[in-house]
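**Q** here is a sequence with its predicted model. Questions after.
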Amino acid sequence: MIFAGIGILFSGVFLAQQWGLLNIRGSIDERNSFFQNLAQRETDTTRNTILCKIRVLSEYSPLSASTFLDVYGQTGDGELLTTMLSIGARRFERTDILSEYERCTSASQYIPTESVITAFAWSETPEWATLKGAFPKDVEVINRVALETGVPARLIVASAVPEQLRFFNSNRESYKRYFEPLKLLGTLSQFSLGVTGIKPETAKRVEEYANDMSSPYYAGDGMAVLIGYGPEDKHDAELYARLTDAHDHYYQYLYTALYLKEIMNGWESAGFPIDNNPGALVTLFNLGFDKSVPKENPETGGAPVTVGESVYTFGQLGEEFYYSGELADLFPYPVYE
């Protein structure tokens, strides 16, 4: 059994090399040298600590560490990276990674451990590989909606990821036959609709708040016109068509963005801004307006979603995607001045 296990291990490494999964810039010695040189140039304690933690993570998950380092280089946002590193450690909660993180403040040495490909198990599944090939096809329309509404594109995608993974898991035959080989997003057409799974009654309330300037959920000036109807349109039929169009996902992302915008406005008006809390926002997107009760420290949760061999909550999946660094080249992290 021991030799069989070794054989499986080497086979896995071989396949990973063939697929380029282990193509992380430079060798381990080069990576360590890179971190050491950066640390020598840095005088800021926070930056040194972040670089130290990225190096710790690289012992557990080289690919995620490389992705996080790229994001840090692009944004220079220490607070963002601190959150990414914390969420990235979840998969290794039964290891010493948190204590190793803590040692970074005193520049202690690290104890190498067995590593996995990424810090996020869902990102190693074929379902995620399908989404990674599908979302780029919608990058223009998602960025258009983000520009029109002011809602970050990455947050819009974070709201869609859990619904897509849940859809693929519950529709295995159609996923294997159609969505996986063609790298397409699933468009729901019953109960929850479109690529983000928005419910018709939720969409109607989005429209209501977009037109109600007295509501704390008011979406803001210029938003109502984006979802206006023509004089000949039959409302319910047109709304259904908007939310189930398999070829043009514009309205599906638009209603999702407006929902998020209205939730953010409602919480801010109550004195509890959650603009920078993607886990809570994706959770509330899943639960609906009726569960939106502004308060301190909102929790991440929602419906259970099975991906591979793991069970997540809807909000947890959205939060983990947001902070994973996945697709950051297409849907970058917002920069707040």
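**A** Happy to help now that I have it.

**Q** distance of Leu243 relative to Leu254?
**A** Separation of Leu243 from Leu254 (Cβ to Cβ, to the nearest Å): 10 Å. Heads up, the C-betas are built off the backbone N, CA and C, glycines and all.

**Q** make that Ser215, sorry
**A** Distance from Ser215 to Leu254, by Cβ to Cβ: 19 Å.

**Q** who has more neighbours out of these two?
**A** It is Leu254, of Ser215 and Leu254, that has more neighbours when counted by other Cβ atoms under 10 Å, with 25 against 16.

**Q** list the contacts of the closest residue to the more buried one other than its chain neighbours.
**A** Excluding its sequence neighbours, the residue lying closest to Leu254 (Cβ to Cβ, 6 or more residues apart in numbering) is Val145, at 5.1 Å. Listed by Cβ atoms under 8 Å, 6 or more residues apart in numbering, the contact partners of Val145 are Val151, Ala153, Ile156, Tyr250, Tyr253, Leu254, Ala257.

**Q** just the ones in strands from the residues you listed, please.
**A** Among those, none falls in strands (DSSP state E).

**Q** ok, the residues you listed vs Thr125, which is closest?
**A** Ile156 (21.8 Å; Cβ to Cβ).

**Q** what about the closest one, distance to Asn277?
**A** 15 Å.

**Q** more neighbours, these two?
**A** Legend: neighbour count by other Cβ under 10 Å for Ile156 and Asn277, higher for Ile156 (24 against 21).

**Q** residues contacting Val307?
**A** Ala121, Trp122, Thr125, Glu127, Trp128, Leu165, Asn169, Leu317.

**Q** any idea which of those has the most stuff around it?
**A** Result: Leu317 is most packed of the contacts of Val307 (other Cβ under 10 Å), 27 neighbours.

**Q** that residue against Pro304, yeah?
**A** No: if you go by Cβ atoms under 8 Å, Leu317 and Pro304 don't touch, sitting 10.0 Å apart.

**Q** and the pLDDT at Phe191?
**A** On pLDDT, Phe191 comes in at 84.

**Q** and it, what does it touch?
**A** Per Cβ under 8 Å, 6+ apart, neighbours of Phe191: Lys199.

**Q** mind checking which of the contacts of Val145 are buried?
**A** Val151, Ala153, Ile156, Tyr250, Tyr253, Leu254, Ala257 (16 or more other Cβ atoms under 10 Å).

**Q** what about Tyr175, how many neighbours?
**A** Number of residues near Tyr175 (other Cβ under 10 Å) recorded here: 19.

**Q** list the contacts for it?
**A** Glu127, Thr130, Phe167, Phe168, Asn169, Gly186.

**Q** dump the residues you listed to JSON lines, plus pLDDT, secondary structure and distance to Met84.
**A** Rendered in JSON lines, the data for the contacts of Tyr175 read as follows (pLDDT from 0 to 100; DSSP: H, G, I helix; E, B strand; the rest coil; distance: Cβ to Cβ, whole Å):
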{"residue": "Glu127", "pLDDT": "96", "secondary structure": "helix", "distance to Met84": "22"}
{"residue": "Thr130", "pLDDT": "96", "secondary structure": "helix", "distance to Met84": "24"}
{"residue": "Phe167", "pLDDT": "95", "secondary structure": "helix", "distance to Met84": "26"}
{"residue": "Phe168", "pLDDT": "95", "secondary structure": "helix", "distance to Met84": "25"}
{"residue": "Asn169", "pLDDT": "91", "secondary structure": "helix", "distance to Met84": "25"}
{"residue": "Gly186", "pLDDT": "94", "secondary structure": "coil", "distance to Met84": "28"}
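
**Q** out of these, which is nearest to Lys176?
**A** Phe168 (9.3 Å).

**Q** re the thing from before, what is the most widely separated pair among the contacts of Val307?
**A** So, the contacts of Val307 by Cβ to Cβ: farthest apart are Ala121 and Asn169, at 13.7 Å.

**Q** and the helices in the stretch 51-200 of the chain?
**A** 62-75, 78-88, 97-103, 126-134, 139-149, 153-170, 172-174, 180-182, 200-211 (DSSP state H, counting those that start in this stretch).

**Q** low-scoring pLDDT stretches of this structure, where are they?
**A** Along the chain, segments meeting pLDDT under 70 span 1-44, 106-116, 336-337.

**Q** so which elements touch the top helix by length along the chain?
**A** Looking across the chain with DSSP state H, the single longest helix is helix 250-269. Applying 3 or more Cβ pairs under 8 Å, 6 or more residues apart in numbering; DSSP states H and E, one finds that helix 250-269 contacts helix 139-149, helix 153-170, strand 192-194, helix 200-211, helix 235-244, helix 278-287.

**Q** out of those, which is closest to Gly228?
**A** Here helix 200-211 is closest among the helices and strands packed on helix 250-269 (Cβ to Cβ), at 9.1 Å.
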